[in-house]
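> Here is a sequence together with a model predicted from it:
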Amino acid sequence: MDEIEQRHRTVARLLIKLSGTTLARLAYATGITGNTISRWVHGDYCALGLQGRDRLFAALGARSDGTHIRLAPPATGAAQPVFQINGLVQAERFATLAALTSTRFVAARETCQGKTLVSVITDVEGQTTALLVGTREALDELYAELGITVSSKRRLEAGLFGPASAGEAMRLHSN
């Protein structure tokens with residue numbers, strides 16, 4: 001397995017872990033069996049193929065040009081990917097994902113308060129790339145790791161909204 005193939009598999013594995021997407025949901029969205037997806041992301045031999053890999057990345061909110069992988073800018077009206085950042089391990093995984101996809105995040109805006117926050121992050125091109133759901137501590141770790149600047153009105157913006165449940169965060173994500 002070459003370096004590019006290994007990078008593709010690692011990015012797919014990180015996207016699956018951080019998004020909390022089940023293999024059953026991915027299988028339904030891609031038409032690829034969950035077993036094949038699992039074997040491919042873990043480096044085992046399987047018959048996924050280039051078209052299958054592209055369908056998998058599309059279902060995970062990414063795209064590949066064959067060499068590089070990018071978090072895909074969503075189509076108009078499409079939902080943003082939601083990533084669960086509930087501790088340092090997930091923060092490190094997201095930082096690794098950003099490095100592997102050459103995504104440079106420059107800003108974050110929190111839209112909820114309480115134990116669960118929803119952070120809208122923006123890349124260099126001004127595209128809202130993802131929604132991060134997690135605790136203030138976990139998101140602060142991630143911001144530090146990625147060099148993201150948080151709005152100076154962070155507490156005020158966060159204070160305008162009540163606590164968010166995972167269901168509310170998913171509803172925000174689908175709007």
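It's in.
> Give me the number of neighbouring residues for Arg25.
Neighbourhood size, Arg25 [other C-beta atoms under 10 Å]: 14. The C-beta positions use only the backbone N, C-alpha and C, and glycine is treated the same way.
> Arg7 touches Thr101, doesn't it?
No - the criterion here is C-beta atoms under 8 Å, and Arg7 misses it with Thr101 at 9.2 Å.
> and Gly43, what element?
Using DSSP states H and E, Gly43 sits within no helix or strand.
> which residue ranges form the strands in the chain?
62-64, 69-71, 82-85, 105-110, 117-123, 128-134, 149-150 (DSSP state E).
> To Arg25, which of the ones you listed lies closest?
Checking the strands of the chain against Arg25 by C-beta to C-beta gives strand 82-85 as the closest, at 13.1 Å.
> quick one: low-confidence ranges for the chain?
Low-confidence segments of the chain (pLDDT under 70): 1, 72-80, 112-115, 128, 151-175.
> okay, the strands of the chain, which one's buried deepest?
Highest mean neighbour count of the strands of the chain: strand 128-134, a mean of 23 (counted as mean count of other C-beta atoms under 10 Å).
> next one: that strand to chain centre, how far?
Remark: strand 128-134 is offset 7 Å from the chain centroid, using C-alpha atoms, centre = their mean, to the nearest Å.
> Equivalent analysis for stretch 91-103, please.
Relative to its chain's centre, stretch 91-103 lies at 9 Å (C-alpha atoms, centre = their mean).
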